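Peer 1: sequence first, then the predicted structure:
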Amino acid sequence: MTNPKLPKVAILATGGTIAGKAASSTATTGYVPGSATVADIVDSVPALAEIAEIVTEQVSNIGSEDMTDDIWEKLAEISQKYLDDDSIAGVVITHGTDTLEETGFLLNLVLSSDKPVILVGSMRPATAISADGPMNIIEAVKVAVCPEAKGKGVLAVMNDEIHGLRDVTKTNTTNVDTFQSRLFGALGTVTGGTPYFFKQSVKPHTTQTEFSVQDVRDLPRVDIIYAHANQDSALIDAAVAAGAKGIVYAGMGNGSIHKNAFSGLERAANKGVLVVRSSRTGSGLVVDSNSEWQNFINAGSLNPQKARVLLQLALKKSPELEEARRIFETY
């Protein structure tokens with residue numbers, strides 16, 4: 001769609017529920033994600049033509065549970081290409097909700113631009129009676145052309161809320177209100193079709209970070225090990241044997257480590273594997289605790305999946321413990 005009087009927005013599609021189709025209009029599970037193309041999505045929302053001149057590109061068309069490093073690399077490079085284009089006001093990325101927070105956090109760290117970058121998805125397929133995708137994408141484009149959105153990092157727009165990708169997470173399996181920034185809250189809202197901002201993240205992002213799109217290439221292997229009662233070190237040892245350069249331990253409470261898992265993590269650390277303590281609780285900070293764990297890195301407020309992303313990028317910079325600790329304290 002072309003209207004040179006309107007700002008130009010690039011919509012990059014990766015698939016997901018927002019591009020999903022089900023067998024009936026009442027089905028909200030059991031659908032096939034990534035069934036529609038970006039052209040189909042844009043054509044189904046004619047109101048977009050009143051907000052911006054839209055250009056589109058299909059990056060992938062998958063359910064985001066199948067996200068890969070290769071797609072991340074491609075998406076980061078294509079996003080940066082559009083951000084470097086002086087004619088583009090902002091970028092909107094349609095994405096499945098399962099790994100939206102990981103993709104968004106990665107882009108928040110590696111993209112270099114103060115232009116708005118918005119990730120948007122849906123919890124109901126496009127064929128559902130009350131599909132949330134069309135309104136979500138309209139609001140995402142409105143935020144992408146909003147002057148106040150500049151310089152606020154990569155954002156997620158879902159269910160009338162604007163969230164920063166550092167802090168937002170998926171909290172419910174099927175509810176349209178699934179995306180929450182539990183510890184710090186949303187950055188703003190879209191009400192009556194108008195974006196309103198009330199705060200912003202103080203952590204470095206986009207133009208303020210030491211990372212770049214090039215760092216997404218050949219990301220090192222980092223595995224997440226989930227804590228539980230009666231745990232042993234078998235999965236930790238297996239991760240090291242498989243070539244993991246880093247391990248994120250999703251510990252209990254304040255990153256607590258089962259005594260039987262500690263020996264495996266200690267062995268891993270002695271082999272040069274960086275270990276990050278995160279938490280399986282879903283909210284709160286992981287900070288210093290047991291003195292025996294001083295050779296491990298605290299994840300702070302990052303959940304395990306986001307700690308994994310940051311550890312991958314940290315390892316691209318250096319394999320040294322103290323350098324990785326500095327990076328986690330910074331971001």
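Peer 2: Thanks, I have the structure now.
Peer 1: my guess is Asn175 is in a helix, correct?
Peer 2: No. Secondary structure assignment (DSSP: H, G, I helix; E, B strand; the rest coil) places Asn175 in coil, not in a helix.
Peer 1: for this structure, longest strand please?
Peer 2: What stands out as the longest strand in the chain, according to DSSP state E, is strand 53-62.
Peer 1: got the buried residues for whichever helix or strand comes after that strand?
Peer 2: Using DSSP states H and E, the next helix or strand after strand 53-62 towards the C-terminus is helix 69-83. Neighbour counts over helix 69-83 (16 or more other C-beta atoms under 10 Å) mark 71-76, 78-80, 82-83 as buried. Any C-beta I mention is one placed from the backbone N, CA and C, and that applies to glycine too.
Peer 1: pLDDT on helix 69-83, on average?
Peer 2: Averaging pLDDT along helix 69-83 yields 98.
Peer 1: for stretch 297-315, same thing?
Peer 2: Rounded mean pLDDT across stretch 297-315 is 98.
Peer 1: over to stretch 113-124?
Peer 2: Rounded mean pLDDT across stretch 113-124 is 98.
Peer 1: got it, and stretch 230-250?
Peer 2: 98.
Peer 1: next one: that stretch to chain centre, how far?
Peer 2: Centroid displacement of stretch 230-250 relative to its chain, using C-alpha atoms, centre = their mean, to the nearest Å, is 23 Å.
Peer 1: what sits up against that stretch?
Peer 2: Here stretch 230-250 makes contact (C-beta atoms under 8 Å, 6 or more residues apart in numbering) with 220-227, 255, 257-258, 260-261, 263-265, 267-268, 271, 273-280, 296, 299, 304, 307-308, 311-312, 314-315, 319.
Peer 1: then stretch 291-303?
Peer 2: Contacts for stretch 291-303 (C-beta under 8 Å, 6+ apart): 166-167, 169, 183-184, 248-249, 255, 257, 262, 265-266, 269, 274-279, 282, 284-288, 307, 310-311, 321, 324-325, 328-329.
Peer 1: weed out the non-buried ones from those.
Peer 2: Going by neighbour count (16+ other C-beta under 10 Å), the contacts of stretch 291-303 have 166-167, 169, 248-249, 255, 257, 262, 265-266, 269, 274-279, 286, 307, 310-311, 324-325, 328 buried.
Peer 1: just the ones in strands from the residues you listed, please.
Peer 2: Counting by DSSP E, the buried ones among the contacts of stretch 291-303 contribute 169, 248-249, 274-279 to strands.
Peer 1: okay if I get the residues you listed as TSV plus distance to Thr189?
Peer 2: As requested, these are arranged in TSV below (distance: C-beta to C-beta, whole Å):
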residue	distance to Thr189
Thr169	18
Val248	32
Tyr249	36
Leu274	38
Val275	39
Val276	33
Arg277	34
Ser278	29
Ser279	28
